[in-house]
Each structure stands twice: as C-alpha cells, then as structure tokens.
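Take this sequence and fold it.
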Amino acid sequence: MSWLDKLQTRWKVGSLFQVILILIVFACTGFTVLFLKRPLFAYLFADGEIHLYASIVYYVLILPVYNVFLLMYGFVFGQFKFFWEFEKRFFSRIMSIFARKK
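Numbers count the residues shown, from 1 in each chain. Just a heads-up that it's a prediction; the model follows:
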C-alpha cells in the first residue's frame with residue numbers, strides 16, 4: 001500500500017485524485033503564508049529591524065490566517081467540504097485541550 005493509498009484511507013476520500021488535490025491545497029496554503037511574511041514585515045518595519053514581539057504576534061496570528069487560506073484554497077480546488085470538516089475537527093481538538101486545563 002503506497003503512502004497515497006494510506007492518506008486516502010485515513011482521510012476517507014473517494015479517489016487518489018482527491019488526495020492529490022488536498023495535498024496541493026496544503027502546499028498552496030503553506031506557500032502563501034510563507035510568502036506573505038516578508039512583504040508584510042517590510043511594510044510594517046521599514047527600518048528593517050524586526051522586534052521579537054512582532055515575530056511572536058505573527059506566529060500567534062498566523063494560525064487563523066492559515067486556516068482561512070486553507071478554506072479558500074479548498075474552495076478553489078473543489079475540496080471545501082473536506083477542509084471544512086478538517087477545520088471543525090482541528091478546532092474541536094484545540095478547544096478540548098483548553099477545556100481540560102481549566
């Protein structure tokens with residue numbers, strides 16, 4: 001069984017083509033987030049000095065931004081339903097972690 005077959009089984013999708021589309025969505029989302037950082041920081045910090053707090057804020061805010069891009073690319077590639085379910089599972093896991101800490 002190839003790794004693509006394993007992903008198809010794990011994600012419960014109908015075809016290998018759908019697995020490829022899902023992987024493309026993850027790749028496009030990652031590259032978009034990667035390519036946004038440099039111009040954003042260049043605009044916000046024209047002097048070129050990026051403070052530690054700016055990087056911390058960036059990494060905290062990148063999570064929701066990444067998830068929005070994931071849904072957008074999922075829609076563009078026809079995989080919105082998969083990524084909507086993926087997001088719901090992801091955020092339910094995060095909320096359960098915070099609920100246990102209380």
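
Look through the protein and tell me its longest helix.
As assigned by DSSP state H, the longest helix anywhere in the chain is helix 16-44.

right, and the helix or strand after that helix?
helix 52-76 (DSSP states H and E).

Tell me the confidence at residue 53?
You'll see residue 53 listed with a pLDDT of 84.

show me the contacts for it.
Applying C-beta atoms under 8 Å, 6 or more residues apart in numbering, we find residue 53 in contact with no residue. Just so you know, the C-beta spots here come from the backbone N, C-alpha and C atoms, and that holds for glycine as well.

how close does it sit to residue 91?
Per C-beta to C-beta, to the nearest Å, residue 53 is found 26 Å from residue 91.

Equivalent analysis for residue 98, please.
Using C-beta to C-beta, we find residue 98 at a distance of 11 Å from residue 91.

Could you do residue 71 as well?
12 Å.

Looking at these two, which one has more neighbours?
Neighbour tally, residue 71 and residue 91, criterion other C-beta atoms under 10 Å: the higher count belongs to residue 71, 17 against 11.

Which pLDDT does the model give the spatially closest residue to the more buried one that is not a sequence neighbour?
Nearest residue to residue 71, sequence neighbours excluded (C-beta to C-beta, 6 or more residues apart in numbering): residue 83, at 5.6 Å. According to the prediction, residue 83 has pLDDT 97.
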